[in-house]
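S.K.: predicted model follows, preceded by the sequence.
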Amino acid sequence: MIEVENLSRAYGNATALDGVSFRAEPGEVVGLLGPNGAGKTTTMRILTGFMPPSGGRARVAGHDVVRDSMAARASVGYLPERTPIYPDMTVEGCVTFWAELRGVKRPRDAAREALAAVDLSDRRQSLVRNLSKGMRQRLGLAQALVHNPPVVILDEPTIGIDPAQVIEVRQTVKDLGKGHTVLFSTHILTEAEQVCDRVVILNQGKVAAHGTPEQLRKKLFGGDRLHVQINGIKGDAALKLLREATGVAAAEADGTGFLVRAKPGVDPRTHIAGAVQRAGGLVVEMRPIDLTLEDIFLNLVGADSKGGG
Ligand SMILES: Nc1ncnc2c1ncn2[C@@H]1O[C@H](COP(=O)(O)OP(=O)(O)O)[C@@H](O)[C@H]1O
Ligand SMILES: [Mg+2]
């Protein structure tokens, strides 16, 4: 379990965290979502005992990170933003070394288990230097898991790795959630949606919103957006038709088709399909557009707060 209460942290005069509270339960993957500078890494460093808070409290697996820091640290596996890399060690040697640092009883056995958990067993004897970035990230995960901690904290684990491997790392994080309390940070909303049970959105050191991805989508966005492609009706006529369709708040051309914004709480898709058909055209594509973090923030905190970062 992770419990964060009114946490704050200043760097000199600058406030990086300002009254942040949230929880993560065992068996749950919680996403810490926010743009660069939001305070994600700062939160994680405090939770992993790398840095004290300026105010407030944080507990991991019931241990206060300040007063009970040894026990707290022993309960956490941490994949930092930049994992230390030992290029000349073997994969297994590297994880065994970490197990020894962590005081694990049978370091080699623990290393093998951790490597199996991240699906790297077949690369046990490879040199770290020969691993792809995605594999290195999984190696970092194995290091974080080697002492079998109840709480796992992963700082942007998919950043900078190629798409195929991103999918694997996401799946690994999701699987981890079955047996651990997982906190992972990202600035990609779709990633949070795929991986997390709940999301905490940080913006400028404060919790801007929290909930399930679905709740956030509904709460923060006043209506869904659709990409619509129509054949058999001229552009201007199609645009007029879309704008007049029931449930449509706005429509504009967007290159290959139209971007349609729905009125809150209304699904305009059947209305659009009907109107197009009556006009003798054909809807060849109509799909919801994924919200980006940017969309969410524009809706949540307004365009002003996007500056400066
Ligand atoms: N070591 C540091 N010294 C001074 N300011 C820092 C330091 N680390 C982070 N900050 C500042 O604290 C804020 C939060 O940073 P960080 O926690 O790294 O955010 P995120 O991980 O969400 O990008 C930012 O404004 C950043 O510039
Ligand atoms: Mg960060």
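M.R.: Arrived safely, thanks for sending. Ligands and ions are numbered 1, 2, ... in the order given.
S.K.: gap between Leu79 and Cys196?
M.R.: Distance of Leu79 to Cys196, given as Cβ to Cβ, to the nearest Å: 16 Å. From N, CA and C alone the C-beta is placed, and that goes for glycine too.
S.K.: can you give me the domain boundaries for this structure?
M.R.: Split into domains by automatic domain parsing, the chain comes to 2-219, 222-290.
S.K.: quick one: closest of the ones you listed to ligand 1.
M.R.: Closest approach to ligand 1 among these (Cβ to the nearest ligand atom): domain 2-219, 3.2 Å.
S.K.: check contacts around His210.
M.R.: Neighbouring residues of His210 by Cβ atoms under 8 Å, 6 or more residues apart in numbering: 22, 198-201, 216.
S.K.: which non-adjacent residue is nearest Ile46?
M.R.: Once flanking residues are discounted, Ile46 sits nearest to Pro53: 5.0 Å by Cβ to Cβ, 6 or more residues apart in numbering.
S.K.: close to ligand 2: what parts of the stretch 1-150 of the chain are there?
M.R.: 40-41 (Cβ under 5 Å from the ion).
S.K.: 8 Å instead?
M.R.: 36, 40-42, 44, 81 (Cβ under 8 Å from the ion).
S.K.: first vs last residue of stretch 124-137, how far apart are they?
M.R.: 14 Å (Cα to Cα, to the nearest Å).
S.K.: stretch 268-286 too?
M.R.: Distance across stretch 268-286, first residue to last, is 11 Å (Cα to Cα).
S.K.: run the chain-centre distance for that stretch.
M.R.: With Cα atoms, centre = their mean, to the nearest Å as the basis, stretch 268-286 stands 35 Å off its chain's centre.
S.K.: which residues are contacting that stretch?
M.R.: Contacts of stretch 268-286 (Cβ under 8 Å, 6+ apart): 226-233, 237-238, 241-242, 244-248, 257, 260, 262.
S.K.: can you rerun that using 10 Å?
M.R.: 223-224, 226-234, 237-238, 240-242, 244-249, 251, 256-258, 260-262, 287-288 (Cβ atoms under 10 Å, 6 or more residues apart in numbering).
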